[in-house]
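Colleague: Predicted model and sequence follow; I will ask about them next.
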Amino acid sequence: MSRADIPAWAKESAVLELAAVTSLGDLTPEWAWGGSTGEGVRVAVVDSGVDADHPDLEGCVDAGGGMAFRLDPDGEVIATPGPHRDAFGHGTACAGIIHSLAPDATITSVKVLGEGLSGKAAVFLRGLAWCVEQGFDVINLSLGTTKQDWALAFYEVCDSAYFAGSFVVTAANNVQRPSWPSLIGSVTSVACNLSADPERFHYNPEPPTEFLAHGVDVEVAWRGGSRIVGTGNSYAAPHIAGIAARIKAKHPDLRPFQLKTVLWATAANVLEAPTRAGARRPRLIASAKASGAFGTQDLRRAGVAPSSPSAPSRSKI
């Protein structure tokens, strides 16, 4: 067969030999993230900004490395590097969840939302593309757009992240309505389970949402150094992002598809399911029942001050 007859991207065995690989033969929580704190992993939080001085964040935010995006009067996306404040509180909440699970990971704020969690798809897309360009290990997206005209653009950027090695975690919509990029296969889509354990998550056998994590009545950091209690898929996604950061820190060579496989193998319902031979695996995670395929749109928030406004669980663009 001549070289001209060989399909594109075909390669000979000799060039496919690997010097070493990370084995995925013993996929337990202990193997996956036991003892890991997320040290050395860079996590981007694409949201309303992050208050880097919030006491719950304990100095984990790379404020100087942050970036804020906005539209100018001519409709051009403008990027402003450096420290910035949270315009709402939502980004600080997501950062706080990630930090609680991966305390030594470095968090960078990528601000694409303004007051009231308002934003434009073009700004969101550019912020996400910037994260991919910067090579973040994990990118948390507790936001999305329902505008189908933007689906292809997000598909292309998320594919770029996948091939570049960035693990993108995105919150599913709080209502059963298509939104992007949560419906894209190259990302990891998350909704709520009903567990109160921040490390207990589930594989969803009925996609498009792939994983379910703690997102109901979650105590989170908020703007102004305060804390609130909120519910929504927005708060489930950073739980998976935080666990992914710990896995990535312990096994830095894992690609996004491998990371997703590890999450599947260590999900509570997978660990607790009968094997094909009829035996049961050891119960490596507490067996509290949890369910829910798409999360809840019921929002509850108890602010420091009773007059605090209600907090949306997921922003709209």
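Modeller: That came through fine.
Colleague: Just list the residues touching D72, thanks.
Modeller: With Cβ atoms under 8 Å, 6 or more residues apart in numbering as the criterion, the residues that contact D72 are I78. C-beta here means a position set from N, CA and C on the backbone, and glycine is covered the same way.
Colleague: Please state the backbone phi and psi of it?
Modeller: According to degrees, to the nearest 10, the main-chain angles of D72 amount to phi -90, psi 170.
Colleague: what about it, distance to R85?
Modeller: 20 Å (Cβ to Cβ, to the nearest Å).
Colleague: now the strands for the stretch 151-300 of the chain?
Modeller: Counting by DSSP state E, counting those that start in this stretch, the stretch 151-300 of the chain has strands at residues 167-171, 188-193, 202-203, 211-214, 218-221, 227-230.
Colleague: Contacts only, for G116.
Modeller: G116 makes contact with F88 under the criterion Cβ under 8 Å, 6+ apart.
Colleague: and it, helix, strand or coil?
Modeller: Here G116 is recorded as helix under DSSP: H, G, I helix; E, B strand; the rest coil.
Colleague: low-scoring stretches of this structure, by residue?
Modeller: Along the chain, the parts satisfying pLDDT under 70 run over 1-6, 8-16, 18, 21-25, 275-317.
Colleague: Can you name the residues that contact A68?
Modeller: With Cβ under 8 Å, 6+ apart as the criterion, the residues that contact A68 are G49, A79, T80, P81, H84, V110, K111.
Colleague: Which PyMOL command selects the buried ones in the residues you listed?
Modeller: Buried residues within the contacts of A68, as defined by 16 or more other Cβ atoms under 10 Å, are selected in PyMOL through the command that follows:
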select buried, resi 49+84+110+111
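Colleague: and the contacts of A68 as CSV, adding distance to P274?
Modeller: Rendered in CSV, the data for those read as follows (distance: Cβ to Cβ, whole Å):
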residue, distance to P274
G49, 46
A79, 52
T80, 54
P81, 52
H84, 50
V110, 43
K111, 47
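Colleague: Just the closest of the contacts of A68 to V138, please.
Modeller: Within the set of the contacts of A68, V110 lies nearest V138; the separation is 12.3 Å, counting by Cβ to Cβ.
Colleague: Identify the residues contacting the host helix or strand of the closest one?
Modeller: Secondary structure from DSSP states H and E places V110 in strand 106-111. Contacts with strand 106-111, where a contact means Cβ under 8 Å, 6+ apart, come from 41-50, 52, 57, 60-63, 65-69, 84, 86-87, 91, 95, 98-99, 127-128, 130-131, 136.
Colleague: With just CA atoms, put it into PDB.
Modeller: What follows is strand 106-111 as a C-alpha-only set of coordinates in PDB (Å, rounded to 0.1, in the frame of the first residue of the first chain):
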ATOM      1  CA  THR A 106      -4.900  27.700  42.700                       C
ATOM      2  CA  ILE A 107      -8.200  29.400  41.600                       C
ATOM      3  CA  THR A 108      -8.300  32.100  39.000                       C
ATOM      4  CA  SER A 109     -11.300  34.200  38.400                       C
ATOM      5  CA  VAL A 110     -12.500  34.800  34.800                       C
ATOM      6  CA  LYS A 111     -15.300  37.400  35.100                       C
END
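Colleague: where do the helices sit along this structure?
Modeller: Chain-ordered helices for the chain, with DSSP state H as the definition, fall at 29-33, 90-101, 121-134, 151-164, 233-250, 256-266, 268-271.
Colleague: returning to that earlier point: also compute the angle for the strand holding V110 relative to helix 90-101, please.
Modeller: Strand 106-111 runs at 170 degrees relative to helix 90-101, counting by axes from the mean of the first three to the mean of the last three Cα atoms, to 10 degrees.
Colleague: what about strand 106-111, distance to the chain center?
Modeller: If you compare the mean C-alpha spot of strand 106-111 with that of the full chain, they lie 12 Å apart, counting by Cα atoms, centre = their mean, to the nearest Å.
Colleague: that older thread, of all the strands of the stretch 151-300 of the chain, which one is nearest I247?
Modeller: Within the strands of the stretch 151-300 of the chain, the stretch nearest I247 is strand 167-171; the backing value is 9.0 Å (Cβ to Cβ).
Colleague: The closest one to helix 233-250, inter-axis angle?
Modeller: For strand 167-171 and helix 233-250, the angle between their directions (the same axes, to 10 degrees) works out to 160 degrees.
Colleague: Direction included, what does strand 167-171 pair against?
Modeller: Strands that pair with strand 167-171, judged by DSSP bridges, come out as strand 138-141 (parallel), strand 188-193 (parallel).
Colleague: okay, those strands, which one's buried deepest?
Modeller: Of all these, strand 138-141 carries the top mean neighbour count, a mean of 32, counting by mean count of other Cβ atoms under 10 Å.
Colleague: Just the residues contacting that one, thanks.
Modeller: For strand 138-141, the surrounding residues in contact (Cβ under 8 Å, 6+ apart) are 41-47, 94, 98, 105, 128, 131-132, 161, 166-171, 181-182, 187, 237-238, 241, 244-245, 248.
Colleague: Having no further points to raise, I will conclude here.
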